[in-house]
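Trainee: I would like the atomic coordinates for the input below:
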Amino acid sequence: MKKWLYAAGLGLVMAASASVQAADKIGVVNVQEIFQKMPAREAVAKQLENEFKGRATALQAQETALQSQMQNLQRSSSTMKAADRAKLEKQVMANREDFSAKAQAFDNDNRKRQAEERNKILGRIQDAVKTVAAKDDLDVVIDANALAYASPDAKDITDEVLKQVK
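Mentor: Predicted structure coming up:
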């Protein structure tokens, strides 16, 4: 029994010392800060704005025309013949559905492209984190935003990663 307790105690001491050694190889990185400071992010935002500018302008013009048409219908519906009013209401409904479909497609396309570009940038950050972690011989790198607490002694590689991605 004594031998078993001695072996278990020795095993616990060895496991504790291994975890202490592993703690020396943990790095912290603030991915959100890197993402915000990347010059490529602003360039991508401008590129996406230019890419969708024409469609956005066309949608705004269509919305203005639709609002004007709806106001016209409200103003003159009481003086119109029933057949003319029904025809105009049908046309307004068709235009509203068309606008709604185009606006939804625009929104989906815009979100999809933004996600694609964001994922490209995050991929570059991830590659830079791996490079810096390998260079500094780190076993684990944790995002600072996912931590509840990090010791001041923890290796912060945010600045190194930012230099790598610029």
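
Trainee: what helix or strand does Met80 sit in?
Mentor: If you go by DSSP states H and E, Met80 is not part of any helix or strand.

Trainee: and for Gln62?
Mentor: helix 39-76.

Trainee: next structured bit after that helix?
Mentor: Heading C-terminal from helix 39-76 (DSSP H and E), you reach helix 82-135.

Trainee: run through who's touching stretch 95-114.
Mentor: Outside stretch 95-114, the residues within contact range by C-beta atoms under 8 Å, 6 or more residues apart in numbering are 48, 51-52, 55-56, 59, 62-63, 65-66, 69. Bear in mind the C-beta positions are built from the backbone N, C-alpha and C, glycine included.

Trainee: follow-up on the earlier one: from the contact counts, what lies against the helix holding Gln62?
Mentor: Where contact means 3 or more C-beta pairs under 8 Å, 6 or more residues apart in numbering; DSSP states H and E, helix 39-76 is packed against helix 82-135.

Trainee: tell me the gap between stretch 151-164 and the middle of its chain.
Mentor: Computed by C-alpha atoms, centre = their mean, to the nearest Å, the separation of stretch 151-164 from the middle of its chain amounts to 22 Å.
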